[in-house]
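Asks: Dropping the sequence and predicted coords here.
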2 protein chains.
Amino acid sequence: MIKINEHYLKLQASYLFSNIAKKVGEFQKSNPDKEIIRLGIGDVTRALPQACTEAFHKAVDEMAADSSFRGYGPEQGYDFLREAIVKNDFQSRGADIAADEIFVSDGAKCDTGNIQELFTQDARIAIPDPVYPVYLDTNVMAGRTGNFEDGRYKGIVYLDATKENNYVPGLPEEKVDLIYMCFPNNPTGSTITKAELQTWVDYARENQALILFDAAYEAFIRDESLPKSIYEIEGAKEVAIEFRSFSKSAGFTGTRCAYTVVPKECTAYDARGGKQAIHPLWNRRHCTKFNGVSYPVQRAAEAVYSEAGKTQAKELVTGYLKNADLIASEIKNLGYDFVGGDNSPYIWIEAKRDSWEFFDMLLDKAGVVCTPGAGFGKCGEGYIRLSAFNSYANVEKAMARIKKALA
Amino acid sequence: MIKINEHYLKLQASYLFSNIAKKVGEFQKSNPDKEIIRLGIGDVTRALPQACTEAFHKAVDEMAADSSFRGYGPEQGYDFLREAIVKNDFQSRGADIAADEIFVSDGAKCDTGNIQELFTQDARIAIPDPVYPVYLDTNVMAGRTGNFEDGRYKGIVYLDATKENNYVPGLPEEKVDLIYMCFPNNPTGSTITKAELQTWVDYARENQALILFDAAYEAFIRDESLPKSIYEIEGAKEVAIEFRSFSKSAGFTGTRCAYTVVPKECTAYDARGGKQAIHPLWNRRHCTKFNGVSYPVQRAAEAVYSEAGKTQAKELVTGYLKNADLIASEIKNLGYDFVGGDNSPYIWIEAKRDSWEFFDMLLDKAGVVCTPGAGFGKCGEGYIRLSAFNSYANVEKAMARIKKALA
């Protein structure tokens, strides 16, 4: 008899953004004339940089002729892209990462979801709260948690990000093995300083733990003193894996390209306590369960690092940050406490009421979609997230409507 | 202390095609002037159908303007593609599959590798031998096997495909829960009749087992009496999941698009023996660990089903089948026994010696790359696979060289 993986049955309700989509769909159905403005899901709205679409077209042309056609590429990504990545994203900031430590993929969601497969079933997992749901859900599926009780899964060490700690969790009191981190944070928009991040790297080194560092939003960092990569921190290469994405930095959410950095020095341990490099394990997984990113997409991603591409991608990010500034200043004027928006496209707002209730009210009265904080964890209760991903005109309109709705 | 998933350490050597690539690289290095002809890995060589590149370009243009830009799409794939798939690939053959039973992905390798996550750790797995290594390796990684001993993993029920059974395994003698099948087969090129496949579906129904049917090569079926989909078989929807790919049917190996069919009737069982539909489980996995296929790629895949696309894709397949015919007739003339090549791009040849030895000899004497059968399992020992994926001129040249080498 074929039996299911029972751990799936522990998963709570359906995925956050599916729920939101359903509610928005129902609202639109009952209010067909109402124009909805989406500041909910972190999805970019502006066109790909021109340098990227040009490279994309060129690569599609290559695929149109036998002589230049490309079939299977290297699972880890083409060298042209891996080399552009290390040169621009790491070596330029003093982080000594090599091209063969880069694994190109079709999304940071896949990578942050799949990475847990490399580790033992009884690993003690630390996950921030609030947090992007993928870290937690994929560990539930893998059976690393108990049941969901009182709003949390048993067996997980939650790292609370609260107003009290300025939304940067402190070190856990109990010993943990695998630590998920995300800065600039999704959903709070908070950032971490080099000194704070150093304490985590030191913790991992002292406790033979591993940090999974999600830097999908690093492009939004304006404060040059903040770390964009964990590899700017001393000792990090031995204890940290980093996830990056072109989704938010260059508008690739619908085009799909990301990458993971696994330094060769980075180790875990076998059952006998012997050091095991993680690089060959991830390489094996990548080659066995993944077949590389679409060639034209990799060429489009490479173009992000051309001179024109850099300028254009930066313009995109600057545009979204201008939106974030507007949201932040309006929310401040309305007398709400918030964090984020300065080095992040997200503004995390104290709703002063139940977060789904606030979501419903904002949708109903203002026709604006936010993300209820409760969807990101227990500490998200009482918060909502606004995203800066929209046109400036729409953000202006949304903030005017929100002002009226909250008056 | 962060510990690794020890099951990874059971995996044998590196992935088959990486080994081949290494050997070919070394040969080319020592013989820089020798032109190598690749009939090894099953990778297409001809340009994408023109209908696909046209649609691809058009979609890239959409991504180039704010007004038509697309961000995140539905994880399961856009309706335009799911609807084209069911209409053309299933309903036209009398298989009643609905659009929301299609899950579009970036590769059948990913899907056939990931599907095992849905099932319990102690599922009894039946895997053909020889076989595409992904089915086996992903179950090893998941801990569903013991160690590798005498050329096989403990705990797996191997389904031998041999000359005696015409390379179509018979039903297992011991009870199994999860059955991997692939027809037209990779690597043997053998096919299964409707009557034979019916016995497997009946077995699955009687034993509450589940069939994972890999139909990545269905486009090569010329014999209209053979099933292209398992859903042409009565009762299959309750006990079978099917995997399809645009890789071989339309040259998408470097472009990346595939899909999995999970009928809503298809069930597994929970710990208490209750029926559990698989569709919501796979949907949950897909939404949690995957973010959809690149929008322009989905438009290119949709174009496979346009009138022009159908004609052009068929021309590609017909071209490769012409190569297969040539390989088969030359191998026959050389007095070697073989199977495949008639409804498949693969020709599975009895090498009359060790298969890696034959591989080395063919590379060395003819500069032709084949795939050693031993890489596909114990029953592959003494065989090699030739692939029809190349230009006709190259296949002619390769066969002339092979003739000379074997003389």
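Replies: In hand now; what should we look at?

Asks: What number of residues are in the vicinity of A:Pro172?
Replies: Residues within reach of A:Pro172, counting by other C-beta atoms under 10 Å in any protein chain shown, total 16. Yep, even glycine has a C-beta here, placed from its N, CA and C like the rest.

Asks: ok, now A:Lys10?
Replies: Counted with other C-beta under 10 Å, the burial measure for A:Lys10 works out to 16 neighbours.

Asks: what does the stretch 101-250 of chain A put close to chain B?
Replies: For the stretch 101-250 of chain A, the residues in contact with chain B under the definition C-beta under 8 Å from any C-beta of the partner chain are A:106-107, A:109-110, A:113-114, A:117-123, A:133-134, A:137-138, A:141, A:177-178, A:207-210.

Asks: Show me the shaky parts of chain A.
Replies: Scanning chain A for pLDDT under 70 picks out the ranges A:14-15.

Asks: Okay, domains of it per the record?
Replies: Domains of chain A are assigned by automatic domain parsing as A:6-47+A:308-406, A:53-306.

Asks: In TSV, list those domains along with distance to B:Gly273.
Replies: Conversion of those to TSV gives the following (distance: least, C-beta to C-beta, whole Å):
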stretch	distance to B:Gly273
domain A:6-47+A:308-406	12
domain A:53-306	20
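
Asks: related to what we said a few turns ago, out of the residues of the stretch 101-250 of chain A next to chain B, which are inside helices?
Replies: A:109-110, A:113-114, A:133-134, A:137-138, A:141, A:207 (DSSP state H).

Asks: burial count for the residue in the stretch 301-407 of chain A that chain B sits nearest to?
Replies: For the stretch 301-407 of chain A and chain B, the shortest gap (C-beta to the nearest C-beta) falls at A:Ser391, measuring 7.2 Å. A total of 14 residues lie near A:Ser391 under the criterion other C-beta under 10 Å.

Asks: ok, now A:Arg272?
Replies: Here the number of neighbours of A:Arg272 (other C-beta under 10 Å) works out to 7.

Asks: check contacts around it.
Replies: With contacts defined as C-beta atoms under 8 Å, 6 or more residues apart in numbering or on different chains, A:Arg272 is in contact with no residue.

Asks: And what about it, helix, strand or coil?
Replies: Each residue gets one of three states, and A:Arg272 gets coil by DSSP: H, G, I helix; E, B strand; the rest coil.

Asks: Skipping its backbone neighbours, what lies nearest A:Ala123 in space?
Replies: Distance criterion C-beta to C-beta, 6 or more residues apart in numbering or on different chains; nearest residue to A:Ala123, sequence neighbours excluded, is A:Asp177 at 4.5 Å.

Asks: so how far is A:Glu117 from that neighbour?
Replies: Spatial separation of A:Asp177 from A:Glu117 under the definition C-beta to C-beta, to the nearest Å is 15 Å.

Asks: Which one's more surrounded, the two?
Replies: A:Asp177 (22 against 19).

Asks: next helix or strand past the helix or strand containing A:Ala268?
Replies: Using DSSP states H and E, A:Ala268 sits in strand A:267-269. Scanning the chain past strand A:267-269 towards its C-terminal end, the next helix or strand to appear is strand A:275-277 (assignment: DSSP H and E).

Asks: and that next one, what other elements does it pack with?
Replies: In terms of contacts (3 or more C-beta pairs under 8 Å, 6 or more residues apart in numbering or on different chains; DSSP states H and E), strand A:275-277 is packed against strand A:267-269.

Asks: Tell me where the stretch 301-407 of chain A has strands.
Replies: Along the stretch 301-407 of chain A, the segments classed as strands by DSSP state E, counting those that start in this stretch run A:338-340, A:346-350, A:368-369, A:371-372, A:383-387.

Asks: So which of those strands is nearest B:Cys287?
Replies: strand A:371-372 (16.0 Å; C-beta to C-beta).

Asks: same for the closest one, what does it pack against?
Replies: When contacts are defined as 3+ C-beta pairs under 8 Å, 6+ apart, strand A:371-372 sits against helix A:16-30, helix A:355-361, strand A:383-387.

Asks: what about the helices in the stretch 301-407 of chain A?
Replies: For the stretch 301-407 of chain A, helices defined by DSSP state H, counting those that start in this stretch occupy the ranges A:307-333, A:355-361, A:392-406.

Asks: Would you convert these into CSV that also reports mean neighbour count?
Replies: Below are the helices of the stretch 301-407 of chain A laid out as CSV (neighbours: other C-beta atoms under 10 Å in any protein chain shown):
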stretch, mean neighbour count
helix A:307-333, 18
helix A:355-361, 19
helix A:392-406, 17
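
Asks: could you show me where the helices are in the stretch 51-200 of chain A, in order?
Replies: A:79-85, A:108-114, A:133-141, A:194-207.

Asks: Turn the ones you listed into CSV, including distance to B:Leu159.
Replies: Putting the helices of the stretch 51-200 of chain A into CSV (distance: least, C-beta to C-beta, whole Å) gives the following:
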stretch, distance to B:Leu159
helix A:79-85, 39
helix A:108-114, 29
helix A:133-141, 29
helix A:194-207, 45
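
Asks: looking at the ones you listed, which is buried most?
Replies: With neighbours defined by mean count of other C-beta atoms under 10 Å in any protein chain shown, none of those is more surrounded on average than helix A:108-114, at a mean of 24.

Asks: and for it, what are the contacting residues?
Replies: Under the criterion C-beta under 8 Å, 6+ apart, residues A:103, A:105, A:132, A:134-135, A:137-138, A:180, A:212, A:214, A:216, A:243-245, A:247, A:258-260, A:285, A:289, B:288-291 lie in contact with helix A:108-114.

Asks: Quick check: strands, which of those are part of them?
Replies: Among those, the members falling in strands (DSSP state E) are A:103, A:105, A:180, A:212, A:214, A:243-245, A:258-260.

Asks: Restricted to buried residues, select the residues you listed in ChimeraX.
Replies: For selection in ChimeraX, the members of the ones in strands among the contacts of helix A:108-114 meeting the burial criterion (16 or more other C-beta atoms under 10 Å in any protein chain shown) are listed in this command:
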select /A:103,105,180,212,214,243,244,245,258,259,260
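
Asks: ok, and does the strand holding A:Ala268 reach over to chain B?
Replies: Yes: with C-beta under 8 Å from any C-beta as the criterion, chain B is reached by strand A:267-269 at A:268-269.

Asks: Equivalent analysis for stretch A:69-89, please.
Replies: Yes: using C-beta under 8 Å from any C-beta as the criterion, contacts between stretch A:69-89 and chain B involve A:69-73.

Asks: A:Lys29: neighbour count?
Replies: Neighbouring residues of A:Lys29 were enumerated by other C-beta under 10 Å; the total is 8.

Asks: And for A:Arg93?
Replies: Residues near A:Arg93, counting by other C-beta under 10 Å: 13.

Asks: For it, give me its contacts.
Replies: Shown in contact with A:Arg93 (C-beta under 8 Å, 6+ apart): A:228-229, A:232.

Asks: A:Phe80 too?
Replies: By C-beta under 8 Å, 6+ apart, the contact list for A:Phe80 reads A:298-299, A:302.
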